[in-house]
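Q: next one to model:
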Amino acid sequence: MSNIREKLTNELLYLYNTGKLHHAYRTFGAHISDGGVQFTLWAPDVKSVRVTGDFNSWDASAVMESIGDTGVWTCFVPGAKAGDHYKYEIETAKGVRLSKADPFAFMSVKRPGTDSIVTELWYEWHDEEWMKARESKNNFTSPMNIYECHLGSWKRPEGAEGKESFFTYRQLADMLVPYVKEMGYTHVEFLPVMEHPLDASWGYQVTGFYAPTSRYGSAHGLKYLIETFHKEGIGVILDWVPGHFCPDDHGLRDFNGDKLYESIVHPDWGTYKFDFSRPQVRSFLLSNAMYWLDEYHADSLRVDGVTSMLYLNFGISDKSKMRFNKYGSETDLEAVEFLKEFNYMIGNEINGCNGRGGEYSLADGDSATFKRRSGIPF
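A: Alright, predicted model coming up:
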């Protein structure tokens, strides 16, 4: 199937706005259709939204239609195609015009550029044997030896020191896969491959949650790298960062002119913590997890910064600024519920983690571990 797009329906809009849409990327974002591209965006409480890009000479002539009081906007742009760059021009309630990248962009231009790119997600996979065997494998009783790797610094092209040069996903498949296999590892864990503006962050300050970083090539290139590992019997774990996001202006920050995706500034990192009380944010993040597991055949997600999510006062030393929940403790109850929902979703919807013998676990660098078995939430 070359088109993953699901038609925008009242049921999908309801699920998204109640935090229960687990495959929102099939509806939101830029989806190639017959003769053009369908664009769909969540931007509540704004005056207007337009799509601007290569297909209309960046004149913002593509006006999006508001779907009732759902906060969702959509339009079809004839002639738009894969490879076109685009952005959303949002007029806020106060009349301020914002230029924003697509939160659901499947690819973005290489930094310092900030455009989103219309991208065909379909890929002809050749890892059927691995995916089938994964369904009945018990990872809690099987040997596991994980090689953690940052793709941008594992190895650089000769003479690349101090220069703008990286190996591509496909080139890494020729070098990294044989190395990991020779060293006897059962799994490889990639530091975040999602789009990010600052190399020094190693991918932990994300701007494009659905876009594999263009530093190393295309979306198909990353799929090829994962497929190559699978062909050699090696599982792939992706670092995932659902706790906070990068504050760059083109990203999720003040997306509709006010706090939409964010709650507070992270006291240690200067990023914005996600607002887990907002159901649309939960739909966005839960769908993002499913996206990497479904569309990229990732075998597991290592959730970064769990401790910073679980505690309201993580990184806060000034007692006058400390916050407490309704029970008087420092636990972030909404973040806890989000992580529970995340685990429950994975256990029920991903092959190998759905009660047919498969099991699933996640952990962060602080050794906070969550496990679930056979559909039973912890």
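Q: what strands flank the helix or strand encompassing Phe39, and is each parallel or antiparallel?
A: In the assignment (DSSP states H and E), Phe39 maps to strand 36-42. Applying DSSP bridges to the sheet, strand 36-42 is found paired with strand 29-33 (antiparallel), strand 72-78 (antiparallel).
Q: right, and the helix or strand after that strand?
A: strand 46-53.
Q: so where do the strands sit in the stretch 201-350 of the chain?
A: Ranges of strands in the stretch 201-350 of the chain, per DSSP state E, counting those that start in this stretch, are 208-212, 235-240, 244-245, 262-265, 272-274, 300-303.
Q: on the three-state scheme, the residue nearest to Ile237 when sequence neighbours are not counted is what?
A: In space, and not counting its chain neighbours, Ile237 is closest to Glu189: 4.1 Å by CB to CB, 6 or more residues apart in numbering. In short, each C-beta sits where N, CA and C put it, glycine included. When classified by DSSP: H, G, I helix; E, B strand; the rest coil, Glu189 comes out as strand.
Q: so for Phe314, what's the pLDDT?
A: According to the prediction, Phe314 has pLDDT 94.
Q: for the closest residue in space to Met194 that isn't next to it in sequence, what are its contacts?
A: The shortest distance from Met194 to any non-neighbouring residue, by CB to CB, 6+ apart, is to Val206 (4.7 Å). Neighbouring residues of Val206 by CB atoms under 8 Å, 6 or more residues apart in numbering: Pro192, Met194, Glu195, His196, Val241, Phe245, Cys246.
Q: ok, the second one to Val241 distance?
A: Think Met194. From Met194 across to Val241, the span is 7 Å (CB to CB, to the nearest Å).
Q: common neighbours of those two, please.
A: Residues touching both Met194 and Val241 by CB under 8 Å, 6+ apart: Gly203, Val206.
Q: looking at these two, which is more packed in?
A: Using other CB atoms under 10 Å as the criterion, Met194 and Val241 rank with Val241 on top: 26 against 22.
Q: need the pLDDT of that one.
A: 98.
Q: before we move on, the earlier item: most tightly surrounded among the strands of the stretch 201-350 of the chain?
A: Sort the strands of the stretch 201-350 of the chain by mean neighbour count, taking mean count of other CB atoms under 10 Å, and strand 208-212 sits at the top with a mean of 27.
Q: low-confidence ranges, this structure, go.
A: The chain contains residues with pLDDT under 70 at 1-3, 160-163, 351-378.
Q: next one: stretch 217-224 to chain centre, how far?
A: Distance of stretch 217-224 from its chain centroid, counting by CA atoms, centre = their mean, to the nearest Å, is 15 Å.
Q: all helices for this protein, in order.
A: 10-17, 128-134, 151-154, 169-182, 219-231, 279-294, 306-310, 333-349 (DSSP state H).
Q: stretch 261-281 spans what distance, first to last residue?
A: 6 Å (CA to CA, to the nearest Å).
Q: which residues are contacting it?
A: Residues from elsewhere that reach stretch 261-281 (CB under 8 Å, 6+ apart): 16-20, 42, 71, 103, 205, 242-247, 252-255, 259-260, 282, 284-285, 308-309, 314-316, 332, 334-335, 337-338.
Q: to Ala211, which of the helices of the chain lies closest?
A: Set against Ala211 and scored by CB to CB, these come closest in helix 219-231, at 7.8 Å.
Q: okay, buried residues for the closest one please.
A: Neighbour-count burial for helix 219-231, with 16 or more other CB atoms under 10 Å as criterion, is recorded at Ala219, His220, Gly221, Leu222, Lys223, Tyr224, Leu225, Ile226, Glu227, Thr228, Phe229, His230.
Q: what packs against it?
A: Judged by 3 or more CB pairs under 8 Å, 6 or more residues apart in numbering; DSSP states H and E, helix 219-231 is in contact with helix 128-134, helix 169-182, strand 208-212, strand 235-240.
Q: among these, which is nearest Pro112?
A: Pro112 lies closest, by CB to CB, to one member of the helices and strands packed on helix 219-231: strand 208-212, at 13.6 Å.
Q: neighbouring strands - and their directions - for that closest one?
A: Going by DSSP bridges, the partners of strand 208-212 are strand 194-195 (antiparallel).
Q: so who does the residue nearest in space to the middle of the chain touch?
A: Central residue of the chain (CA atoms, centre = their mean): Phe209, 3.2 Å from the mean position. Residues near Phe209 by CB under 8 Å, 6+ apart: Pro103, Met194, Phe245, Phe284, Leu285, Asn288.
Q: one more time with 10 Å
A: Listed by CB atoms under 10 Å, 6 or more residues apart in numbering, the contact set of Phe209 reads 25, 103-105, 192, 194-195, 240-242, 245, 251-252, 284-285, 287-289, 291-292.
Q: please identify the deepest-packed of the strands paired with strand 36-42.
A: Greatest average neighbour count among the strands paired with strand 36-42 goes to strand 29-33 (a mean of 21), per mean count of other CB under 10 Å.
Q: residues in contact with it?
A: Under CB under 10 Å, 6+ apart, the answer for strand 29-33 is 2-6, 25, 37-41, 51, 53, 76-78, 80-82, 84, 86, 102-107, 116-122, 210.
Q: list only buried entries from these.
A: Counted by 16+ other CB under 10 Å, the contacts of strand 29-33 give 4-5, 25, 37-41, 51, 53, 76-77, 80, 84, 86, 102-107, 116-121, 210 as buried.
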